[in-house]
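Participant: curious how this folds, go ahead:
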Amino acid sequence: MSPQMIERLWRAFFDTLTMVGVSTLIALALGIPLAVFLVLSAPGGLIEAPRTNRVLGGIINGFRATPFVVLMVALLPFTRLVTGTTIGVWAAIVPLSVSATPFFARIAEVSLREVDHGLIEAAQAIGCRRWHIIRHVLLPEALPGLVGGFTITIVSMIGASAMAGVIGAGGLGDVAIRYGYQRFDTTVMLIVIAILIVIVCVVQFAGDFAVRRLRAR
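Facilitator: Next comes the predicted model:
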């Protein structure tokens, strides 16, 4: 393999890490508040708001039901408005973030709903305010599930970032398409696949390890 191709692969590797890292951090920052609100506003929650809960849940489901490639194309005008372009790493971060946020929000919601309701009632009985219940009961008890869900989200975004190469987003997917598929270079394709598998395995191992440590506390 030529030095130029090795350099392209390294650059694509770091571009993929940038796309996945930034988009999943945005999903983390937005997804947890969304999940907390969905849990609290549901019937029987601390701040019941069934109508708002249904509307927000419907919007989240709509984004989740849209295939990433379709969502990516549909968001091109918004992506251009935000980043000034529709190609490159930062342009890909926009649809990746929009896709990752509702995905993680639903996973986080499931984890939060699994918290023993008795703990919440006990916190209410001793006079804890809603914020204290969220901060000191709901989130800590759901933390292993949240970390596991965040791991799944990262793995999902690794695959999505590879698909983003279809529109010239950069990263390993772009290298696989331009220098592997279009030039019929099987070696490049196999190397990209191997790199993606290694990344996924490392992320999954780290996430599983963190979950085990949290559950053993």
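Participant: my read: Phe104 touches Gly149, true?
Facilitator: Yes: Phe104 is within contact range of Gly149, at 6.3 Å (criterion: CB atoms under 8 Å). To be clear about C-beta, it is placed using only N, CA and C from the backbone, and glycine gets the same treatment.
Participant: next, the buried residues of the helix or strand hosting Ala122.
Facilitator: Using DSSP states H and E, the element containing Ala122 is helix 117-125. Neighbour counts over helix 117-125 (16 or more other CB atoms under 10 Å) mark Ile120, Ala123 as buried.
Participant: could I get the CA-only coordinates of that helix as CSV?
Facilitator: Only the C-alpha atoms of helix 117-125 are listed here, as CSV (Å, rounded to 0.1, in the frame of the first residue of the first chain):
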residue,chain,number,x,y,z
HIS,A,117,-40.2,3.8,42.3
GLY,A,118,-40.0,3.1,46.0
LEU,A,119,-36.7,5.1,46.1
ILE,A,120,-38.4,8.1,44.5
GLU,A,121,-41.3,7.9,47.0
ALA,A,122,-38.9,7.6,49.9
ALA,A,123,-37.1,10.8,48.7
GLN,A,124,-40.4,12.6,48.4
ALA,A,125,-41.4,11.5,51.9
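Participant: contacts for that helix?
Facilitator: With CB atoms under 8 Å, 6 or more residues apart in numbering as the test, helix 117-125 has contacts from Leu46, His132, Ile133, His136, Val137, Leu138, Glu141.
Participant: helices or strands up against the helix or strand that that helix is followed by?
Facilitator: Next in sequence after helix 117-125, counting helices and strands by DSSP H and E, comes helix 130-133. Here helix 130-133 touches helix 117-125, going by 3 or more CB pairs under 8 Å, 6 or more residues apart in numbering; DSSP states H and E.
Participant: how distant is the helix it packs on from the center of its chain?
Facilitator: In terms of CA atoms, centre = their mean, to the nearest Å, the centre of helix 117-125 is found 31 Å from the chain centre.
Participant: same thing with stretch 75-82?
Facilitator: Computed by CA atoms, centre = their mean, the chain-centroid distance of stretch 75-82 equals 19 Å.
Participant: same question for stretch 147-167.
Facilitator: On CA atoms, centre = their mean, the centre of stretch 147-167 falls 7 Å from that of its chain.
Participant: next one: stretch 103-117
Facilitator: 15 Å.
Participant: quick one: mean pLDDT over it.
Facilitator: What stretch 103-117 shows for mean pLDDT is 89.
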